[in-house]
Structure formats: C-alpha cells, structure tokens
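K.L.:
okay, sequence plus prediction incoming.
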2 protein chains.
Amino acid sequence: MQQLLNYFHTFQILNQDSQTQLLAISHLLHLKKNAILQPIGHTCKTIYFVQKGIARIFYYKDGIDITECFAFENQIIARVESLFTQRPSQKGIQIIENAELVAINATALFALYDQYPGIERLFRKIFEQGYVDTVNRLESLQFHSAEERYVHLLKEMPDVLQRVPLKYIASYLGITQVSLSRIRASIK
Amino acid sequence: MQQLLNYFHTFQILNQDSQTQLLAISHLLHLKKNAILQPIGHTCKTIYFVQKGIARIFYYKDGIDITECFAFENQIIARVESLFTQRPSQKGIQIIENAELVAINATALFALYDQYPGIERLFRKIFEQGYVDTVNRLESLQFHSAEERYVHLLKEMPDVLQRVPLKYIASYLGITQVSLSRIRASIK
DNA sequence: GTGATTATTTATCAATTGTTAAAGGATGCC
DNA sequence: GGCATCCTTTAACAATTGATAAATAATCAC
C-alpha cells in the first residue's frame, strides 16, 4: 500500500499512528476488466484508490449507458453525491482495464476523523481537489463545443484513447458515439 | 450576523469560542445591483455568505459574458478553483440584486483550522455540499437538452425568473440568449 | 483459426442550437 | 415626459448534433 501512502503525502503529512489507522480500514482488491465494483442503487460506503488500471462511474439515462468520470492510476474514485449524503446512488462503478485498487471503508474513515484531525484534513484536501476538478469540468461542458471538449480531453489524458473504448469517451464528453466518430474523422 | 450562525448550525454545532473567532474574521457588506464584488484576475481570499439579494460568478469566453453560478439568500459563494489553489481566478463576482453579504476572510479562516477543529469540520461539510451540488449540475449539463435544463431550473429555483435577467440565465444553462427565448416561446 | 459478438465508422435525414439582424419592450437618466 | 440604453423576442439561415440503419473493423470465446 506504499503507493496509497505516497499519494496521501502529496496532500498531507501523516504521523505513524494515522497511517496505521488508515491501513487498518483499507484492503487491496484485484478486479478484471468489465467487473462491476459497485452496482447501481447501493449507498456509497467505500472510497477507492486506483493503483493500477482504470475505473469509471456510470449511470443510465433513458436506458443509455453514460460515463460520468474516469479514474486512472493514482486517483481516488467515489460517488460523492452518495458518500456525503448517505443516500442510495443512481450510479455504479465499473472496471475498464484490469485493476488493482485499495478499498477504504468510508464509515470507518469518518469515525477516525474525530480522533485523528490529520486524517480529516487529508480527506478534506483530497475532496477539495475533486471539487475543483469538477468545477473545471463543468466549465468545459457549459461553453465549449463537442470538438473543443474532445481536443481538450486528448491534452488532459493523452493515453485515454489507447486505454478507454470510444463509447465510454463519447458519453463522458456529453455526445453520442456517432457524433464522436464524426468529430474524429473531421479532425484528421 | 445571526443569520450566518444559523446557517453554520445547520452543518455543525459550534462552541462559543469558535463562533466568536468566526465573527472576528467576518464583516457585513452592503452592495448595490451590478456592483463588482470581486474583479476578474484576483486570487480568491474571501468567502461570501449571502444574507439578502443575489450574486453570481461570471467570466468571459471569447469576449462573451458567461454566468457560472448564482447565489441566493442563505448560500455561500466563492470561486473555489482559486480559493483552494490560491492561483488567480479567471472569474469575478457580481451583484445581481441589491445585497447584504458577510465577507469571511479566507486566509484567517484557514489559519483557524489548526486551533478549532470544529471550524475546519464546518467548512469541510459546507464545501462537501458544494461539491455534491456541482456534481449534480454536471450531470444535468452532460446529458439533458437545453429545454430540459430550463424546465429543471424553474423547479429548482422558482423565483429565478422574477429576480435574474434572462441573459444571465441563458449562459448559466449553457445556451445563447436567443435560444433561451425560443425555448420559452415553445413551452407556453 | 472460425464464428459470434462487440466496437467503430459512414451515410442519410431530422431536430436542436448557434449566428446575425431587426423589431418591440422595458428601464433608467435628465 | 422623452430620449437613450439595455433587455427580450422574432425571423431567417447556417452549423452542429442526434437518430437510425447499415457497413466495416476489432475482439472474444470456443
């Protein structure tokens, strides 16, 4: 779990005790491509850290599969709208590429906040960054064309094309798969 | 400032000392319609609480004024992408309706976090809710039509039409003003 | 490998949204 | 009150994106 601790330390220095407590509520998971890590309808009680591979949050709108976000190596993934409200989520988490994940028990984590201010601060900072990323993404969806969003994605995540099927990328960009194909053809 | 303390207490009970500290770094502001509360280009060092009136975060894309969000009574407004990174913001804050605001010194606030865990927790929870709201709004922009987004807005903020010019609402929804007019005409 | 399944592209047509310009309304200033 | 300015609507046309269907390419299971 050294990779997870390294990630934590980019946000916040933790004392030995805090580290031990965090590791005690975490465990390693290995999952194959296409596996459902969290089904739709469950309340989010786990925060995942991606050590290897890719995961995505997805949901269905009118029966159509939509990708809300991707998580690559060294990223946290959680359905925050359920995690912070403890209401059932209409979203699920799926593995896109064979993955090695750390599952962090969120209920136990929140309980640690009282005794370990450093842990509360760590996750405050982690989710503040998630908040900022989401605000920036909102801006991209609010006033950029589909083509602009696609080009921007290639800059932000250069290896996304090699590792993620286009059907997932299309809905992530807020367009249909056919429209994405057309944009790709027109850019060449 | 009782209104602000009431708002805080919906998230987190604060002891007297914490309340005193928070009030010590806050002050009341009165601003008229159209006033610029924060100009574009500044780094965000203040968190505002709207006691009366309306404010908006805005920026320019290709010279066009775009509204990122509104804040009505009993809401917090801050340019989080600057607040949490302390980098200059490409966004500004403007008053839409004569307003009474509480300005909270963010630098002083962050300094209080070390001594007053209750204050850190309070703002953790406030921004967690902001994060959830932003994720939900992202979903709305990602896969709903302009008309769906307009109808949804009327449900969420029933008095927005009476209090906010349509030109601001249009860009908030991610469409042009002309397009919004057309949608309004087609719905009647 | 071979066949079946899944993913991607291409084509056609429809619907939505953007762009530009002009007209009507509303608002504020003197 | 009247003029100027700003806001909103309407119209016509262009560009973008969606929907459907079919063709091609890639992947997977056996």
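P.N.:
Good, I have the coordinates.

K.L.:
CA only for contacts and neighbour counts going forward, please
P.N.:
Noted.

K.L.:
show me which residues of the longest helix along chain A are buried.
P.N.:
When chain A is scanned for its longest helix (criterion: DSSP state H), the result is helix A:117-143. Applying a neighbour-count criterion of 16 or more other CA atoms under 10 Å in any protein chain shown, one finds A:117-132, A:134-135, A:137-143 buried in helix A:117-143.

K.L.:
tell me the strands in chain A, going along the chain?
P.N.:
Using DSSP state E, the strands assigned to chain A run over residues A:26-31, A:36-38, A:46-61, A:64-71, A:75-77, A:92-105.

K.L.:
show me the one of those that comes nearest residue A:12.
P.N.:
Judged by CA to CA, the one of the strands of chain A that comes nearest to residue A:12 is strand A:75-77, at 15.1 Å.

K.L.:
so residue A:30 sits right up against residue A:100, yeah?
P.N.:
Yes: counting by CA atoms under 8 Å, residue A:30 does reach residue A:100; the two are 4.7 Å apart.

K.L.:
neighbour-wise, which of these two wins?
P.N.:
For residue A:30 versus residue A:100, neighbours defined as other CA atoms under 10 Å in any protein chain shown are more numerous around residue A:100 (19 against 11).

K.L.:
who's in contact with that one?
P.N.:
With contact set as CA atoms under 8 Å, 6 or more residues apart in numbering or on different chains, residue A:100 has these partners: A:28, A:29, A:30, A:31, A:50, A:51, A:52, A:53.

K.L.:
what about the nearest residue to the fourth one once chain neighbours are set aside, how many residues nearby?
P.N.:
Same thing as residue A:31. Across the structure, with CA to CA, 6 or more residues apart in numbering or on different chains as the measure, the residue nearest residue A:31 apart from its sequence neighbours is residue A:99 (5.2 Å). A total of 21 residues lie near residue A:99 under the criterion other CA under 10 Å.

K.L.:
for residue A:99, give me its contacts.
P.N.:
Residue A:99 makes contacts with A:30, A:31, A:32, A:33, A:50, A:51, A:52, A:53, A:54, A:55, as judged by CA under 8 Å, 6+ apart.

K.L.:
residue B:93 is nearest to which of the strands of chain A?
P.N.:
When the strands of chain A are compared by CA to CA, strand A:64-71 sits nearest residue B:93, at 28.6 Å.

K.L.:
do the closest one and chain B meet?
P.N.:
Yes: Strand A:64-71 reaches chain B (CA under 8 Å from any CA of the partner chain) through residue A:68.

K.L.:
pull out the buried positions in that strand.
P.N.:
Across strand A:64-71, burial judged by 16+ other CA under 10 Å covers A:66, A:67, A:68, A:69, A:70, A:71.

K.L.:
that one vs DNA strand D: in contact?
P.N.:
No: Strand A:64-71 stays clear of DNA strand D (CA under 7 Å from any atom of the strand), getting no nearer than 9.2 Å.

K.L.:
can you show me the CA trace of that strand as CSV?
P.N.:
Extracted in CSV, the C-alpha atoms of strand A:64-71 (Å, rounded to 0.1, in the frame of the first residue of the first chain):
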residue,chain,number,x,y,z
ILE,A,64,-28.5,4.6,-22.2
ASP,A,65,-25.2,4.0,-20.5
ILE,A,66,-23.4,7.2,-19.5
THR,A,67,-19.9,7.6,-18.1
GLU,A,68,-19.7,10.3,-15.5
CYS,A,69,-15.9,10.1,-15.0
PHE,A,70,-12.8,8.0,-15.3
ALA,A,71,-10.2,7.2,-12.6
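
K.L.:
if I take that strand and helix A:117-143, what angle do their directions form?
P.N.:
Angle of strand A:64-71 versus helix A:117-143, following axes from the mean of the first three to the mean of the last three CA atoms, to 10 degrees, is 130 degrees.

K.L.:
is DNA strand C contacted by strand A:64-71?
P.N.:
No: where contact is defined by CA under 7 Å from any atom of the strand, no part of strand A:64-71 touches DNA strand C; the two come within 10.7 Å at best.

K.L.:
and that strand, how far out from the chain's middle?
P.N.:
Shown here is strand A:64-71, whose average C-alpha point lies 10 Å from the average C-alpha point of the whole chain (CA atoms, centre = their mean, to the nearest Å).

K.L.:
stretch A:14-29 now?
P.N.:
20 Å.

K.L.:
for that stretch, which positions count as buried?
P.N.:
For stretch A:14-29, a neighbour-count test (16+ other CA under 10 Å) marks A:14, A:18, A:22, A:26 as buried.

K.L.:
setting the sequence-adjacent residues aside, check what's closest to the spatially most central residue of chain A.
P.N.:
Against the mean C-alpha coordinate of chain A, by CA atoms, centre = their mean, the closest residue is residue A:77 at 3.0 Å. Ranked by CA to CA, 6+ apart and with sequence neighbours excluded, the top spatial neighbour of residue A:77 is residue A:48, at 5.3 Å.
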